[in-house]
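**Q** got a sequence here, can you model it:
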Amino acid sequence: MTNPLIHLVDDDDAVRRSLALLVGTVGLSVAEWPHPQAFLDGFDRESVGAIVLDVRMPGTSGLTLLDQLLAQGVDQPVIMLTGHGTVEMCRRAFKAGAAEFLEKPVDDERLIEALHECVRQHVRTRERLAADRGTRERYTRLSEREREVLSLVIKGQTAKQIARVLGVSPRTVETHRANLGAKLETDSLAQLIRRFAMLVEDADTE
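**A** Numbers count the residues shown, from 1 in each chain. Below is the predicted model of the structure:
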């Protein structure tokens with residue numbers, strides 16, 4: 001996540017190259033795409049960064065491409081550019097998930113500011129997804145009994161109460177609780193609840 005990549009999709013070679021030079025001056029890597037299909041064919045969905053789309057392109061328009069990206073679950077933030085913007089066009093872009101809508105000629109500082117914000121947003125999104133995957137992976141390490149204990153711990157029950165519910169000794173419950181800390185890689189009850197309460201709630205409702 002330390003090397004964000006900005007994808008520029010614009011059929012105007014001069015505009016695209018000018019934008020690429022601008023983006024490069026602030027240390028961001030750039031991939032240039034002359035038309036939407038080239039972008040779709042070569043785009044790495046695992047890359048971290050942002051996408052800059054021109055609205056008016058022959059064939060597939062930027063708005064149509066935006067709809068396609070949304071349908072495919074692409075999570076890179078998208079900035080739309082247009083030389084002939086309308087309120088309806090702007091409304092449709094934001095409704096489809098665009099992060100920003102800028103008119104050409106683009107103000108350099110505004111574009112760079114928007115790109116930096118998009119990159120920060122995307123890094124946070126990917127970090128959150130990675131943390132969620134890690135949480136779920138650790139949860140799968142638990143035995144069925146350990147999941148029962150975890151659920152009751154998160155509900156605020158004491159070791160004695162859990163022992164009565166499960167028909168085991170309090171010492172056995174304490175052993176399970178120790179195993180939970182090791183398997184879930186948590187150091188405190190507060191950390192355990194903060195990281196796993198929602199996951200346990202979802203599992204209990206399935």
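**Q** so how far is residue 75 from the residue most central in space within the chain?
**A** Among the residues of the chain, residue 125 comes closest to the average C-alpha position under Cα atoms, centre = their mean, at 3.1 Å. Shown here: residue 125 relative to residue 75, a distance of 6 Å by Cβ to Cβ, to the nearest Å. Every residue, glycine included, has its C-beta placed from N, CA and C.
**Q** re the thing from before, enumerate every residue touching the residue nearest to the centre of the chain.
**A** residue 75 (Cβ atoms under 8 Å, 6 or more residues apart in numbering).
**Q** from what I can see residue 74 touches residue 45, true?
**A** Yes: between residue 74 and residue 45 there is a contact under Cβ atoms under 8 Å: 6.0 Å.
**Q** out of these two, which sits in the busier spot?
**A** Between residue 74 and residue 45, residue 74 has the larger neighbour count (other Cβ atoms under 10 Å), namely 15 against 10.
**Q** can you map out the helices along the protein?
**A** Listed in chain order, the helices of the chain (DSSP state H) span 13-24, 36-42, 62-71, 87-95, 108-139, 144-154, 159-166, 170-184, 189-205.
**Q** which of these has the lowest average pLDDT?
**A** For the helices of the chain, mean pLDDT drops lowest on helix 189-205, to a mean of 80.
**Q** for it, which helices and strands make contact with it?
**A** Counting contacts by 3 or more Cβ pairs under 8 Å, 6 or more residues apart in numbering; DSSP states H and E, helix 189-205 is packed against helix 108-139, helix 144-154, helix 170-184.
**Q** nearest to residue 50, of these?
**A** Minimum separation from residue 50 across those (Cβ to Cβ) falls at helix 108-139, 3.8 Å.
**Q** so which bits of the closest one are buried?
**A** For helix 108-139, a neighbour-count test (16 or more other Cβ atoms under 10 Å) marks 111-112, 114-115, 118-119, 122, 138-139 as buried.
**Q** nearest to residue 51, of these?
**A** For those, the nearest to residue 51 is residue 118 (8.6 Å; Cβ to Cβ).
**Q** list the contacts for the closest one?
**A** Neighbouring residues of residue 118 by Cβ under 8 Å, 6+ apart: 49-50, 76-77, 79, 99-100.
**Q** quick check: the residue of the chain positioned farthest from its centre vs residue 175, distance?
**A** No residue in the chain has its C-alpha farther from the mean C-alpha position than residue 169, which lies at 43.4 Å (Cα atoms, centre = their mean). To residue 175, residue 169 is 9 Å away according to Cβ to Cβ.
**Q** kind regards, and thank you for your time.
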